[in-house]
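Visitor: Below are the sequence and a predicted model; questions follow.
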Amino acid sequence: MTAHLKMTVLSATVAAAAAAAGASYAYVDLSLHRMGASATAIGLNAAMPALAWLLTTPLMPTLLRRFDPGAVLRALLVVAMLSPLGFVLSADQDVWMALRFLFGGSLGMVFRLTEYWISAASPDDRRGFNVGLYASAFCAGAAVGAALVPLTGTEGWPTILLIQALVGVALVMLTVAKAAPPRITGAPRISLAKLSASVAVMTALIFGLFESVPYTLMPVYAVTAGLSEDWAAGTVSAFLIGALLFPIPVGALADRVGKPGVLAACGVAGLAVPLILPATLDVPQALMAAMLVWGGAAGSLYTVALAMLADRFRGVDLAAANVAFGTLYAFGALVGPLLHGMAMDWHPPQGLMESSFLLFLVYLSTMLWSFRRMGSRP
């Protein structure tokens, strides 16, 4: 199998696994609501995948060192395929939290290992494009998976079977590819503290802190500002379209002109949108355009930063860098919704735009300081 075909199969595998994750979010949250769970309980349940990523990501170097990486990936997919059975076998909300932790944690490790695999295997002049392909495949899969749930419903077996089938497709394609992430030997030569201070790893934290804004709070912001529920829901779709369309061309551009400059440009776009977005509320089409750009900028941040890691690190150090990247992303995903929600409650509804602006302002300031300290510029 050629490298190009292998990358295509790997992207399709990611898309299928992401579709299973997207379907699970819609299925579990709507089912819990139907079961009478409080909003707090639903939110706590939704945090379980991020908690699982936070706890399991540091295990990645050990897994790559002690076991066959291909076998690890297949085992994780088997866990992800079997664990949803518990959703139809139990109506206990505590059990559902454990199942969400298990399902989300296993799929999360699949994505972290795949990110390391793509970064390590890609040539320097094509890494941004390949990581962008991965990001777009993930986004497309998650959107399709969530869109399928209304067709299968949130009661009984249909959606569970759909989730299992999607994970099964990912497992089959991974097996057909007959490839695996590279094994690592030895211990990393760079500390986690130093890795966490790098611009690329810091970007993962910023992305994690921001990621919940478009999916959970932006529709609430739009409705509070006077838009209809249809337009409010459209903000999520516009953001997802941007996150789907931008990473591949932006990643290819980063390969050609340099990743630090492209990363800084994405940060500037992330900073500018919350400044102008309140002025677009009277023109919903302009609001959709702003959300499209925001989604493209945010999605490309993750893509370019992930590709930057492999430009700087190799082997076991790259695995350690991916651990730092994934751990800080998971931490951001855990605390981000709380911070933005508090800001929105403090100054409704514009607190959401203010917290988003401040987040990107701190990010850009820290990035420029870091480049200046290293004697370079984006």
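Guide: Yep, it's here. Numbers count the residues shown, from 1 in each chain.

Visitor: Please count neighbours and contacts with C-alpha atoms only from this point.
Guide: OK.

Visitor: can you pull the buried residues of whichever strand or helix holds residue 308?
Guide: In this structure, residue 308 sits in helix 284-312 according to DSSP states H and E. Residues of helix 284-312 classed as buried: 284, 287-311 (neighbour count, 16 or more other Cα atoms under 10 Å).

Visitor: Verify the stated contact: residue 163 with residue 83.
Guide: No: under the criterion of Cα atoms under 8 Å, residue 163 makes no contact with residue 83, lying 10.3 Å away.

Visitor: ok, the two, which is more surrounded?
Guide: residue 163 (27 against 19; other Cα atoms under 10 Å).

Visitor: What score does the residue nearest to the more buried one when sequence neighbours are not counted have for pLDDT?
Guide: Of all residues not flanking residue 163 in the chain, residue 20 sits nearest, at 4.8 Å (Cα to Cα, 6 or more residues apart in numbering). Looking at residue 20, its pLDDT is 94.

Visitor: How about residue 166?
Guide: pLDDT, residue 166: 96.

Visitor: Could you measure from the residue nearest to residue 163 over to residue 292?
Guide: Counting by Cα to Cα, to the nearest Å, the gap from residue 20 to residue 292 is 24 Å.

Visitor: what sits up against stretch 25-43?
Guide: Residues from elsewhere that reach stretch 25-43 (Cα atoms under 8 Å, 6 or more residues apart in numbering): 46, 93, 146, 149, 153, 154, 155, 159.

Visitor: Can you give me the end-to-end span of it?
Guide: End-to-end span of stretch 25-43 (Cα to Cα): 11 Å.

Visitor: So for that stretch, what gets flagged as buried?
Guide: So, applying 16+ other Cα under 10 Å, buried residues of stretch 25-43: 25, 26, 27, 28, 29, 30, 31, 32, 41, 42.

Visitor: Let me know the closest of those to residue 315.
Guide: Of all these, residue 315 sits closest to residue 25, with 34.1 Å by Cα to Cα.

Visitor: still on that earlier bit, the helix holding residue 308 - contacts with which helices or strands?
Guide: For helix 284-312, the contact count by 3 or more Cα pairs under 8 Å, 6 or more residues apart in numbering; DSSP states H and E identifies helix 93-121, helix 127-152, helix 199-210, helix 229-245, helix 247-257, helix 259-276, helix 315-346 as packing neighbours.

Visitor: can you tell which of the ones you listed is closest to residue 77?
Guide: Smallest distance to residue 77 across the helices and strands packed on helix 284-312 (Cα to Cα): 6.8 Å, for helix 93-121.

Visitor: How far away from the center of its chain is that closest one?
Guide: 11 Å (Cα atoms, centre = their mean, to the nearest Å).

Visitor: counting contacts, what elements does that helix pack onto?
Guide: So helix 93-121, by 3+ Cα pairs under 8 Å, 6+ apart, packs with helix 3-34, helix 39-46, helix 48-56, helix 69-82, helix 85-89, helix 127-152, helix 284-312, helix 315-346.

Visitor: Output those as JSON lines; include the columns distance to residue 362.
Guide: JSON lines is the format used below for these (distance: least, Cα to Cα, whole Å):
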{"stretch": "helix 3-34", "distance to residue 362": "30"}
{"stretch": "helix 39-46", "distance to residue 362": "27"}
{"stretch": "helix 48-56", "distance to residue 362": "23"}
{"stretch": "helix 69-82", "distance to residue 362": "36"}
{"stretch": "helix 85-89", "distance to residue 362": "41"}
{"stretch": "helix 127-152", "distance to residue 362": "25"}
{"stretch": "helix 284-312", "distance to residue 362": "15"}
{"stretch": "helix 315-346", "distance to residue 362": "14"}
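
Visitor: which of the ones you listed has the lowest average pLDDT?
Guide: Mean pLDDT is lowest for helix 39-46 out of the helices and strands packed on helix 93-121, coming in at a mean of 74.

Visitor: where does it sit relative to the chain's centre, distance-wise?
Guide: Relative to its chain's centre, helix 39-46 lies at 19 Å (Cα atoms, centre = their mean).

Visitor: now the angle between helix 315-346 and it, please.
Guide: Put simply, helix 39-46 runs at 170 degrees to helix 315-346, going by axes from the mean of the first three to the mean of the last three Cα atoms, to 10 degrees.

Visitor: so helix 39-46 versus helix 93-121, what angle?
Guide: Put simply, helix 39-46 runs at 40 degrees to helix 93-121, going by the same axes, to 10 degrees.

Visitor: Name the stretch among the helices and strands packed on helix 284-312 that sits most buried.
Guide: Of all the helices and strands packed on helix 284-312, helix 199-210 has the most neighbours on average by mean count of other Cα atoms under 10 Å, namely a mean of 25.

Visitor: Let's see that one as PDB, backbone CA atoms only.
Guide: The C-alpha trace of helix 199-210 is given here as PDB (Å, rounded to 0.1, in the frame of the first residue of the first chain):
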ATOM      1  CA  VAL A 199       4.000  27.500  21.500                       C
ATOM      2  CA  ALA A 200       2.700  24.300  19.800                       C
ATOM      3  CA  VAL A 201       1.700  22.700  23.100                       C
ATOM      4  CA  MET A 202       0.300  25.900  24.500                       C
ATOM      5  CA  THR A 203      -1.900  26.100  21.500                       C
ATOM      6  CA  ALA A 204      -3.500  22.800  22.500                       C
ATOM      7  CA  LEU A 205      -4.500  24.300  25.800                       C
ATOM      8  CA  ILE A 206      -6.000  27.400  24.100                       C
ATOM      9  CA  PHE A 207      -7.900  25.200  21.700                       C
ATOM     10  CA  GLY A 208      -9.300  23.100  24.500                       C
ATOM     11  CA  LEU A 209     -10.300  26.200  26.500                       C
ATOM     12  CA  PHE A 210     -12.100  27.600  23.400                       C
END
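
Visitor: Pull the residues that contact that helix.
Guide: Residues from elsewhere that reach helix 199-210 (Cα under 8 Å, 6+ apart): 195-196, 298, 301-302, 305-306, 308-309, 321, 324-326, 328-337, 356, 359-360, 363, 367, 370.
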